[in-house]
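In: give the three-dimensional model of this entry:
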Amino acid sequence: MLKQILNNLFLIFFVFVTFSCGELQQVINQIPQGTPTISNADIASGLQQALNQGIEEQVSKLAAKNGFYSNDLVKILLPDELQKVDKTLRNLGLGDLADQGLKLLNSAAEDAVKEATPIFVNAVESMTINDAKSILLGENNAATNYLIGQTGEQLYIKFKPIINQSFEKVGANQIWRNIISKYNAVPFTNNVNPDLTDYVTNEALKGVFVMIAGEELAIRTRYSSRTTDLLKKVFALQDR
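Out: The predicted model follows:
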């Protein structure tokens, strides 16, 4: 009887130990064996991919018809000095005219943004390894800020004449002269005459970088937005 009990205890002990070792091995297998290595070239390429993804995904949306006007994040509204113009026109039953003026401002921005991609691409290709490392370990908008620093002035110079041309092409200047003249004719109002070309140029630039910043944040914080193996590998470094 004692021998049988001992045999049973031995069997239970053997099964327990075997099962535990198997489970332990599974845990061991899941532990990373050393820190994955990644080259400086991979870091630079990964950041370039991230920026190109943001440019391709978001700038193309803005360049589409109503890309600005239908997007509340970047829709160009009237400058402060014209907000009263818009309100007055609508109060006078001229809401359609006010809407037409807004659409023309946003349409001009859409025309200009189509010219942004080559300037962005050149900035991305000029990125150094040190730039890439600083961006990777920087704030959630570090890549966007890099593009602002590298392209902001060039984009303004490129955008402004295109926006002015767009205004002329669709007769926006005449429409806005009509809008402003109607407003200025209202008793007890102060005359306004803002530089709409400069204003829309700056608003278009802001819109572009808002969209790119959104894409950058998604890549940094959502694994599903890292659409290539290299992006997953590079941005895994910032997740630690």
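
In: pop the domain breakdown of the chain in here.
Out: 1-31, 40-239 (automatic domain parsing).

In: make TSV out of those and add mean pLDDT.
Out: Putting these into TSV (pLDDT from 0 to 100) gives the following:
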stretch	mean pLDDT
domain 1-31	40
domain 40-239	86
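
In: CSV for these, including mean neighbour count?
Out: From N, CA and C alone the C-beta is placed, and that goes for glycine too. Output for these, formatted as CSV (neighbours: other CB atoms under 10 Å):
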stretch, mean neighbour count
domain 1-31, 9
domain 40-239, 17
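
In: so what pLDDT did the closest residue to residue 233 other than its chain neighbours get?
Out: Of all residues not flanking residue 233 in the chain, residue 38 sits nearest, at 6.2 Å (CB to CB, 6 or more residues apart in numbering). You'll see residue 38 listed with a pLDDT of 80.

In: next up, the contacts around the most centrally placed residue in the chain.
Out: Central residue of the chain (CA atoms, centre = their mean): residue 212, 2.1 Å from the mean position. Going by CB atoms under 8 Å, 6 or more residues apart in numbering, residue 212 touches 51, 54, 55, 58, 59, 143, 144, 147.

In: what about the residue nearest to residue 95 when sequence neighbours are not counted, helix or strand, and which?
Out: Ranked by CB to CB, 6+ apart and with sequence neighbours excluded, the top spatial neighbour of residue 95 is residue 89, at 6.9 Å. Assigned by DSSP states H and E, residue 89 belongs to helix 80-91.

In: which elements pack onto that helix?
Out: Judged by 3 or more CB pairs under 8 Å, 6 or more residues apart in numbering; DSSP states H and E, helix 80-91 is in contact with helix 95-113, helix 172-184.

In: now the ones you listed in CSV, with distance to residue 125?
Out: Converted to CSV, these look like this (distance: least, CB to CB, whole Å):
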stretch, distance to residue 125
helix 95-113, 20
helix 172-184, 35
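
In: between these, which one is closest to residue 226.
Out: helix 95-113 (25.3 Å; CB to CB).

In: residues contacting the helix or strand following that closest one, please?
Out: Per DSSP H and E, the first helix or strand lying C-terminal to helix 95-113 is helix 116-125. The contact list for helix 116-125 (CB under 8 Å, 6+ apart) reads 48, 51-52, 55, 59, 146-147, 150-151, 154-155, 158-159, 208.

In: now do stretch 60-72
Out: 74-76, 102-103, 106-107, 109-110, 113-114, 204, 207-208, 211.

In: how about 7 Å then?
Out: Applying CB atoms under 7 Å, 6 or more residues apart in numbering, the external contacts of stretch 60-72 come out as 74, 75, 76, 103, 106, 109, 110, 113, 114, 207, 208, 211.

In: kindly report the same for stretch 226-240.
Out: Applying CB under 7 Å, 6+ apart, the contact partners of stretch 226-240 are 38, 42-43, 45-47, 49-50, 53, 136-137, 219-220.

In: could you rerun that using 8 Å?
Out: Stretch 226-240 is contacted by residues 36, 38, 42-43, 45-47, 49-50, 53, 136-137, 219-220, 223 when judged by CB under 8 Å, 6+ apart.

In: which single one of those residues is nearest to residue 180?
Out: Distance to residue 180 across the contacts of stretch 226-240 (CB to CB) is lowest for residue 53, with 41.5 Å.
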